[in-house]
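Chemist: Dropping the sequence and predicted coords here.
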Amino acid sequence: MPTLQWERESARLHSGVRMFAARRRRSRGATAVEFAVVLPVLLVLMLGIVYYGVILAMQQVLTLAAEEGARAALRYQSSNIQRVTAAYTAVNAALPVSIRSQVTTNQSGSPLVTCPTIASMQCLSVVLTLPVTTGATPLLPSIPLLPVPSTLTGSAIVQLVPGS
């Protein structure tokens with residue numbers, strides 16, 4: 001009698017293992033379907049993070065280069081023409097070589113403006129513009145349904161002290 005009980009118990013355990021293996025094979029298919037649904041969403045999310053990360057980094061580069069140019073205008077120049085030249089020389093030195101040719105400045109326009117806070121004072125306005133998705137060589141490719149600015153702008157204004 002003990003052998004018969006042992007055989008029954010053994011048969012029951014083996015049938016449980018077979019059922020577990022069958023369930024496991026069926027769940028492999030469900031896992032593949034779940035992966036196929038989640039993967040495109042995950043890839044789009046990662047692409048968006050990288051895309052916006054590049055945009056934020058370039059915005060920071062433009063702003064810091066404009067600030068560096070404005071700071072250079074205050075260093076030991078005696079005339080406003082020398083200050084403007086020093087400012088845009090510093091801007092070119094601060095910009096990465098890879099985007100330097102794509103950045104446009106307001107140097108040829110009118111960088112010397114009336115200060116917004118004190119009307120009798122003169123200020124130097126450094127404005128840098130970088131096309132993101134437009135132009136001959138865009139920084140990033142345009143992706144449909146992804147809202148991004150067409151250009152990035154970095155600017156800085158510094159008040160010039162007359163006679164110094």
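Modeler: Great, that's in hand. Numbers count the residues shown, from 1 in each chain.
Chemist: can you give me the helices for this protein?
Modeler: With DSSP state H as the criterion, the chain has helices at 2-72, 80-94, 97-100.
Chemist: Any chance of CSV for those, columns mean neighbour count and mean pLDDT?
Modeler: C-beta here means a position set from N, CA and C on the backbone, and glycine is covered the same way. As requested, the helices of the chain are exported to CSV (neighbours: other Cβ atoms under 10 Å; pLDDT from 0 to 100):
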stretch, mean neighbour count, mean pLDDT
helix 2-72, 12, 80
helix 80-94, 18, 89
helix 97-100, 11, 89
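Chemist: Which of those helices sits closest to Gly154?
Modeler: Proximity to Gly154, assessed across these by Cβ to Cβ, is greatest for helix 2-72 (2.8 Å).
Chemist: before we move on, back to that, okay, the helices of the chain in TSV with distance to Ser125 next?
Modeler: Compiled in TSV, the helices of the chain are given as follows (distance: least, Cβ to Cβ, whole Å):
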stretch	distance to Ser125
helix 2-72	8
helix 80-94	10
helix 97-100	20
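Chemist: For Pro111, find the nearest of the ones you listed.
Modeler: Checking these against Pro111 by Cβ to Cβ gives helix 80-94 as the closest, at 5.4 Å.
Chemist: Leaving aside the residues adjacent along the chain, what's closest to Glu68?
Modeler: Ala94 (4.3 Å; Cβ to Cβ, 6 or more residues apart in numbering).
Chemist: correct me, but that neighbour touches Leu62?
Modeler: No - using Cβ atoms under 8 Å, Ala94 is not in contact with Leu62, being 9.7 Å away.
Chemist: Thr153 versus the residue nearest to Glu68, what's the distance?
Modeler: As judged by Cβ to Cβ, to the nearest Å, Ala94 and Thr153 stand 16 Å apart.
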